[in-house]
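K.L.:
can you look at this prediction? I've put the sequence above it.
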There are 2 protein chains.
Amino acid sequence: MASSSSLTLSQAILYHNHGSNPLPAFSLPTYSALKSSNSTPSVSLSARAAVSRPRLSSRRRTIRASAAVETIEKTTDTALVDKSVNTIRFLAIDAVEKANSGHPGLPMGCAPMGHILYDEVMRYNPKNPYWFNRDRFVLSAGHGCMLQYALLHLAGYDSVKEEDLKSFRQWGSRTPGHPENFETPGCEVTTGPLGQGIANAVGLALAEKHLAARFNKPDNEIVDHYTYVILGDGCQMEGISNEACSLAGHWGLGKLIAFYDDNHISIDGDTDIAFTESVDTRFEGLGWHVIWVKNGNTGYDEIRAAIKEAKSVKDKPTLIKVTTTIGYGSPNKANSYSVHGAALGAKEVDATRKNLGWPFEPFHVPEDVKKHWSRHVPDGAALEAEWNAKFAEYEKKYKEEAAELKSISTGELPAGWEKALPTYTPESPADATRNLSQQCLNALAKVLPGFLGGSADLASSNMTLMKMYGDFQKATPEERNLRFGVREHGMGAICNGIALHSPGLIPYCATFFVFTDYMRAAMRISALCEAGVIYVMTHDSIGLGEDGPTHQPIEHLASFRAMPNIMMLRPADGNETAGTYKVAVDNRKRPSVIALSRQKLPNLPGTSIEGVEKGGYTISDNSSGNKPDVILIGTGSELEIAAKAADELRKEGKAVRVVSFVCWELFEEQSDAYKESVLPAAVSARVSIEAGSTFGWAKIVGSGGKSIGIDRFGASAPAGKIYKEYGITAEAVIAAAKSLC
Amino acid sequence: MASSSSLTLSQAILYHNHGSNPLPAFSLPTYSALKSSNSTPSVSLSARAAVSRPRLSSRRRTIRASAAVETIEKTTDTALVDKSVNTIRFLAIDAVEKANSGHPGLPMGCAPMGHILYDEVMRYNPKNPYWFNRDRFVLSAGHGCMLQYALLHLAGYDSVKEEDLKSFRQWGSRTPGHPENFETPGCEVTTGPLGQGIANAVGLALAEKHLAARFNKPDNEIVDHYTYVILGDGCQMEGISNEACSLAGHWGLGKLIAFYDDNHISIDGDTDIAFTESVDTRFEGLGWHVIWVKNGNTGYDEIRAAIKEAKSVKDKPTLIKVTTTIGYGSPNKANSYSVHGAALGAKEVDATRKNLGWPFEPFHVPEDVKKHWSRHVPDGAALEAEWNAKFAEYEKKYKEEAAELKSISTGELPAGWEKALPTYTPESPADATRNLSQQCLNALAKVLPGFLGGSADLASSNMTLMKMYGDFQKATPEERNLRFGVREHGMGAICNGIALHSPGLIPYCATFFVFTDYMRAAMRISALCEAGVIYVMTHDSIGLGEDGPTHQPIEHLASFRAMPNIMMLRPADGNETAGTYKVAVDNRKRPSVIALSRQKLPNLPGTSIEGVEKGGYTISDNSSGNKPDVILIGTGSELEIAAKAADELRKEGKAVRVVSFVCWELFEEQSDAYKESVLPAAVSARVSIEAGSTFGWAKIVGSGGKSIGIDRFGASAPAGKIYKEYGITAEAVIAAAKSLC
């Protein structure tokens, strides 16, 4: 019975991750089923199966030693390793050649470390890419994705069959030009924009360290995996990688092992033209353990030894600098930028086949290589089954913790969580939405087991501390307040990693809204890779006052409204802030950007959580028959101004509707009938007010309407003064309304 | 006569930098006028004046040694230094107190290094903040701006009078909440967003090294200044600073001297919570010379010695880590985050006055301090006059170089430069606009002496190499192709520094358009600080094909159209690319973002440089009386599609106008009559087509129009296939047009 419960967990994870686009059906193994179904177990699997249950206290070590896929000792004949490595190289060469597009150089150089990782080191289950306790692998140098596709193919993942390799970079294929987790099960994250992957990996390793600290018991280390990364020179040059790696060192993420593909070539040529720093020294400064593998091309034992050493260092992440030759094996293009990002060409492919002694047809996987890799399907199933059994034991003994971990690993949120959100009345005291946001964060912290987050050194301004928890630090990784330092870009990408580690982990992160500019690349990837990160962005307009134009967002609302698959929310008061968090938590595959005020705002009559869920809704109206004289539309801190203007206009006998337009994306998704009920086509007299760029508002107010906003930079002065000088006032709304009706 | 020519140069620089918002009038000193007008010359000035003209070969060293403001030996009584340092502290305390807003902590801690820099080390002319050869100072930790305002005030800059200190952070003041070069002469750049300033400083130092290498002669080192920076923990955490500092080390910018205010406090508390890396080790890895000043609070001689050592290291930039106490002098708030970003409060101000023995009223500058600092006005005038004389000599001997340097230092571009731009006819071969852009860049490189730039490791994809020049490198700083490596954010901010070094320096920089997300914070500051950087952004749509959605911009056009003071240009062919560069070079106080295609595009009939200058214009029309049946509007690579659709519609008898909408901002600036001539109000049948987000287009096509675009992420496949699948086709335009007319 316990094991069936565990199986449900696996299935739930699988289902959650696939959503509407499931993998081809396959049966989930049970421990007993596995034993009988393994008709041709490899030596290593037999060895594992023969091991008797170790005593609990020494279990972790023993289980590891018993699984051949995990050992880092040399277990395979070197000639076969050579052959496997060349298989990887040629799968990459052939796929790029067929597509006539792609990056063969990295896979050719990194095939040895790729082989050792996927064949000898990593613990995974090819038939369930979402097995909770799998080792994570991130190809931060995402352009080299054919390396990962080749490895997934050899390892037996259903997402990369031979036909997928043959349709590399083609319309509708599962093998796009850069790794995309939402297209290719087995890819953990979405990389390509350089530096993102290593930062995602820091998030994955943080998640493991946090969950291990929270859930592991002396007798049952239920959370226990490594995070591996391959990053290149490009990733190293990007500032985001320094940010994330500084944090990884600070946090002591000992189970993060990064391979730096030190090939001295980037697109523009030798790295000597722009990149002569000592990466080793820098990483030592960042608090990493650094190892240098001088021969990454053929030095398998060097690579193995480095991994062994890395694992022995528990309190620091490890950077293994692996010196390789880009395009290794290509007689005329190796070690040059020409092999980085273009097909080799038929002639050079032939020359490379000759040079590496590869007589096979394109896309051929030699039988002995295939046979060698075939053990990963049963081995992986066994690993998961073992873990499932372990979880069953855990669940028996630690009921509450097991329920929390299950929620985190499946993404099934505790029933009724949304009831924890606060509600307000117009009598509730006026407050800044950043403070109201903190009330929501603290309410959610109590009911959502996977809720964690923090700020880029602005916790006390963004109001993001969860008061019931301490800081996640090296010595207190079970805590949930993350301290990112002034590292917005790294913060965003780390949160992407956390979100993609487990569907029930719900990371939030915070800074001033204007500084989304520092982290926009990571936020776009949240949107693309379906990571439901919650971006808590305070100080959302000129209303922040004296800090001036460098700190005052203007175009930021528009810039996120234009971005696909992200919700830009700007609540006006307490109820809308609560509604915003309801929506943000509900949307686990769509990130939210929440714009919050520094200044106090009243709680307005008519606002509601349900209203926010519709994106735009009427908060007050004295018209009848859906025919107001004028519709006033506001968001966030300007909804109050619209409401005030309406009061005045109504005194003068006008029929005025006030609409809160808190989230354009959600409004767009409503039925035409609902939209018509809020913004009737016949009413062209519409005035919008928002302390930001008017760009985009023409769609809402129409050709007959007017938009009050700010189409220049802000200024340094007290907030009230700037509002007045910039004309963001009820008087301006009234004047505009009168000119239209 | 030579000296009058030099004076014209000074005046021209001054005029250019001030534009329409000039400083209060003041007379420019001449060398002879100075001698007579200095009624109370300081000892140092007299000493300088008494020195007989050195022989040219040893001149540089001698001139330096003769100017007291530049020596780094102890020249002032320590008690007076203490008093001056406390003056700075209290000006900051008092201004923040009066504003009840701001950051007193940094000025209190950094006052000693600030004093030594502005009083003992730096060479500047308070009465001409734009003197070409001045030392540059950047407060990268911009929140501490009261430090700089206090120093500018003491030094005699007209931009910061006592009343300016008293109106700190108020509407219309010259002392905004963070340093803004466009508000406060004496501030070189705009800082506040952390990490930007240090990267700007790398650009300033690069500019100096480049110009020195190009223009200095063995007998006349006409370009010769240092760049100083103060940066804090926050700047150090930001990835941008690591990017820029890695380049500074690579380039060997020996005249860049950065003071790292190591105060162990950031907004969220002790830096131990998020920042425990070894900054020293990291900077050694980056190729910097590193010095540690252990007592930054009172160790004046330590600071002096560090600067001396830094200057002696010619081939590396220097980081001087200065350990300070944030809020030094405040008995209850020093060394805590509470002094970072809020006024001390009346009680603590009193306590600090007592603690530091400061009996004076708020804003008081003691007479002896005032007198001590008063020498900087005559000394500065003398420095500039000396340099002017030196330039006059230079001009006599090196006519051509002097003309180039004058163009660079004044911003007066050579007459007729725009004639170098290529023009095209419909018969010219189809080409990608990125290639046409390279033709423009190479044409401009020949005629614009201050034109320089490069790419973030994508020169061969962005097509940005100037073929007539080599690479700017440590050993070849006279060259003009910059190699930024994969460091977009640093690249943008370095270009801001270059642009703000001299009005005639015209930096361009390049990456894929989608990666503007990595550098958006720097681009926004270009717009805010009026740095006319040219952003060359290729691969501007799904048209880049197989690299997939991580590389395909969607919302980027909209996001820049929403940003103030930046031009978003998307040329459709050769003539429009040339027009785009015409506009970009002309706008020296407004940056340009140029979106360019990877794919080939035909040269269309009707496109023109003049058309681009209007932002939107008709390229073909078979209607009469300004009454087309339908207006088709396209940009960039989709203008061709609009033209094709028009051809088809005309065959069916429709009167169709095709409008190129290459730059919305420029169109917006045209007269109403012109706008009506292109987009007549009476014609509501309008169809736009653009391979990007439709966000914002409603304003152009109106409520009656239709926008064809892409409101989701892209895909990995050949470009033609994606265009078809996404419906970016002539057929779609034709269908939309027919539905409207």
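P.N.:
That came through fine. Predicted model only: the values in this text are computed from it and were never measured.
K.L.:
tell me where the stretch 51-200 of chain A has helices.
P.N.:
With helices called from DSSP state H, counting those that start in this stretch, the stretch 51-200 of chain A shows them at A:59-66, A:78-99, A:105-115, A:145-155, A:162-166, A:196-215.
K.L.:
format the ones you listed as CSV; extra columns: mean pLDDT.
P.N.:
Listed next are the helices of the stretch 51-200 of chain A as CSV, based on pLDDT from 0 to 100:
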stretch, mean pLDDT
helix A:59-66, 31
helix A:78-99, 98
helix A:105-115, 98
helix A:145-155, 98
helix A:162-166, 98
helix A:196-215, 98
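K.L.:
so which of those is the most packed in?
P.N.:
Among the helices of the stretch 51-200 of chain A, ranked by average contacts under mean count of other CB atoms under 10 Å in any protein chain shown, first place goes to helix A:105-115 (a mean of 29). C-beta coordinates here come from the backbone N, C-alpha and C atoms, glycine included.
K.L.:
next, see if that helix gets close to chain B.
P.N.:
No: Helix A:105-115 stays clear of chain B (CB under 8 Å from any CB of the partner chain), getting no nearer than 14.1 Å.
K.L.:
find the residue at the geometric middle of chain A.
P.N.:
residue A:496 (2.1 Å; CA atoms, centre = their mean).
K.L.:
I'd like the C-alpha coordinates of stretch A:675-683 written as CSV, please.
P.N.:
Taking Å, rounded to 0.1, in the frame of the first residue of the first chain, the C-alpha atoms of stretch A:675-683 are listed here in CSV:
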residue,chain,number,x,y,z
LYS,A,675,-15.6,42.5,-22.4
GLU,A,676,-18.7,44.2,-23.8
SER,A,677,-20.2,44.4,-20.4
VAL,A,678,-17.2,46.3,-19.1
LEU,A,679,-16.2,48.3,-22.2
PRO,A,680,-19.2,48.6,-24.4
ALA,A,681,-18.3,49.2,-28.1
ALA,A,682,-20.8,52.0,-28.3
VAL,A,683,-19.2,54.0,-25.6
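K.L.:
quick check, it touching chain B?
P.N.:
No: Stretch A:675-683 lies out of reach of chain B by CB under 8 Å from any CB, never closer than 9.1 Å.
K.L.:
coming back round to it: can you redo the helices of the stretch 51-200 of chain A as TSV with distance to residue A:430?
P.N.:
Listed next are those as TSV, based on distance: least, CB to CB, whole Å:
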stretch	distance to residue A:430
helix A:59-66	54
helix A:78-99	59
helix A:105-115	56
helix A:145-155	52
helix A:162-166	57
helix A:196-215	37
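K.L.:
of all those, which one comes closest to residue A:564?
P.N.:
helix A:196-215 (17.4 Å; CB to CB).
K.L.:
ok, and what's touching the helix or strand that comes right after the closest one?
P.N.:
Next helix or strand after helix A:196-215 toward the C-terminus (DSSP states H and E): strand A:227-232. For strand A:227-232, the surrounding residues in contact (CB atoms under 8 Å, 6 or more residues apart in numbering or on different chains) are A:106, A:110, A:113-114, A:117, A:121-122, A:135-141, A:144, A:147, A:194-195, A:197-198, A:201, A:204-205, A:208, A:241, A:253, A:255-261, A:263, A:266.
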